[in-house]
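Enquirer: this is a predicted model, with the sequence first.
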Amino acid sequence: MIRAALRRAAAALLAAGVLAAPAAGQARAEPAVRPAVSVTAESGGVRVEVRLERAAGAPAIGAFQGNLRFDAAALTVASGQFAPGVVGAWNQVEPGRVRFAGASTQGIVGGAVLVLRVTPKRALSAADFRATLEEAFGTDGRMRLAP
């Protein structure tokens with residue numbers, strides 16, 4: 001479901017000229033975008049931010065898809081929302097795993113793209129979460145940014 005939504009969003013961005021398909025035979029370099037997680041205690045729960053950090057000189061991010069893994073016994077996911085300007089979908093596909101995908105016609109230059117509110121069953125830190133990107137594309141019309 002999320003993969004289909006991301007493909008539709010990427011197709012719309014391609015049609016609008018915001019994204020371009022990678023060139024045939026293009027060599028893969030180090031990822032220009034890496035996911036990061038920050039955790040902040042809030043009244044009544046914990047805020048978990050999935051952030052996308054760009055390498056110096058990398059273009060803005062047009063579309064992304066990834067996973068957030070955690071110990072399901074340590075928390076319950078209460079809600080989630082994407083950053084303003086990001087259209088996407090997220091769901092907990094199995095205990096301890098949230099899939100997410102999004103796109104932005106304005107481009108994402110960094111910061112939190114997805115914010116989850118969780119109810120902890122023990123103290124939590126960023127080390128309790130592992131975010132991975134399956135793919136990310138730039139808005140410059142040339143670049144696959146991750147993996």
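Expert: Here it is on my side, so go on.

Enquirer: quick one, helices of this protein?
Expert: 2-15 (DSSP state H).

Enquirer: would you tell me which strand is longest in it?
Expert: In the chain, with assignment by DSSP state E, the single longest strand is strand 97-108.

Enquirer: name the helices or strands packed onto it?
Expert: helix 2-15, strand 61-70, strand 75-82, strand 87-94, strand 111-120 (3 or more Cβ pairs under 8 Å, 6 or more residues apart in numbering; DSSP states H and E). (Glycine included, C-beta is placed from N, CA and C.)

Enquirer: switch the cut-off to 7 Å
Expert: Judged by 3 or more Cβ pairs under 7 Å, 6 or more residues apart in numbering; DSSP states H and E, strand 97-108 is in contact with helix 2-15, strand 61-70, strand 87-94, strand 111-120.

Enquirer: pull up the pairing partners for that strand, direction included.
Expert: Paired neighbours of strand 97-108 in the sheet (DSSP bridges): strand 61-70 (antiparallel), strand 87-94 (antiparallel).

Enquirer: for the last one, give the mean pLDDT please.
Expert: To tie it back to what came earlier, the one meant is strand 87-94. Per-residue pLDDT values over strand 87-94 give a mean of 97.

Enquirer: and it, which residues are buried?
Expert: Of the residues in strand 87-94, G88, A89, W90 count as buried by neighbour count, 16 or more other Cβ atoms under 10 Å.

Enquirer: I'd say the first one and F82 touch.
Expert: Yes: when contacts are counted by Cβ atoms under 7 Å, G88 is listed as touching F82 (4.7 Å).
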